[in-house]
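A.B. asks: Quick one: sequence and predicted model below, then my questions.
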Amino acid sequence: MQRSKVVEYFRGSRRVDDGDLRVSVYLAEPQHVRMSIWRDERAESAMSLDPAEAHRLGEFLVAVSPRRERRLVDSIRRALTAIR
């Protein structure tokens, strides 16, 4: 069974060496958003959010983001709300 998903990668802050973030939005059932932290081409941890929590995360990021960063947050928000 093949799932439809949208994947985006985000570079972590190099100043604090947080690794990178991969966000996968699964559009087919069960709909969810899977986030994983990557270092050295290996996933170190991952978790999934159901659509309501993913939407809440998107709203939180928009609320706390400075205006100059809104374009990035808006793209994350669009990906997260695509599964609603």
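C.D. replies: On my side now, so go ahead. Numbering: from 1, shown residues only.

A.B. asks: Next one, pLDDT for residue 71 please.
C.D. replies: Among the per-residue scores, residue 71 shows a pLDDT of 71.

A.B. asks: can you give me how far the host helix or strand of it is from the chain middle?
C.D. replies: Taking DSSP states H and E as the definition, residue 71 sits inside helix 70-81. Put simply, helix 70-81 sits 9 Å off its chain's centre (C-alpha atoms, centre = their mean, to the nearest Å).

A.B. asks: quick one: contacts of that helix?
C.D. replies: Contact with helix 70-81 is made by 6, 8, 23, 25, 33, 54-55, 57-59, 61-62, 65, as judged by C-beta atoms under 8 Å, 6 or more residues apart in numbering. No exception for glycine: its C-beta is placed from N, CA and C like everyone else's.

A.B. asks: Just want the angle from the longest helix anywhere in the chain to helix 70-81.
C.D. replies: Ranked by residue count, the top helix of the chain under DSSP state H comes out as helix 51-64. Counting by axes from the mean of the first three to the mean of the last three C-alpha atoms, to 10 degrees, helix 51-64 lies at 170 degrees to helix 70-81.

A.B. asks: quick one, phi psi at the residue positioned nearest the centre of the chain?
C.D. replies: Centroid check for the chain by C-alpha atoms, centre = their mean gives residue 23 as the closest residue, at 3.7 Å. Here is the backbone geometry of residue 23 (degrees, to the nearest 10): phi -120, psi 120.

A.B. asks: correct me, but it touches residue 34?
C.D. replies: Yes. At 7.4 Å, residue 23 and residue 34 qualify as touching, with contact defined as C-beta atoms under 8 Å.

A.B. asks: so residue 21 touches residue 39, yeah?
C.D. replies: No. Contact criterion C-beta under 8 Å: residue 21 and residue 39 do not qualify, at 11.0 Å.

A.B. asks: Can I take it that residue 37 is in a helix?
C.D. replies: No. Residue 37: not assigned to a helix; according to DSSP: H, G, I helix; E, B strand; the rest coil it is strand.

A.B. asks: what about it, distance to residue 56?
C.D. replies: 20 Å (C-beta to C-beta, to the nearest Å).

A.B. asks: of these two, who's got more company?
C.D. replies: Neighbours per residue (other C-beta atoms under 10 Å) separate residue 37 from residue 56, with residue 37 holding more: 16 against 13.
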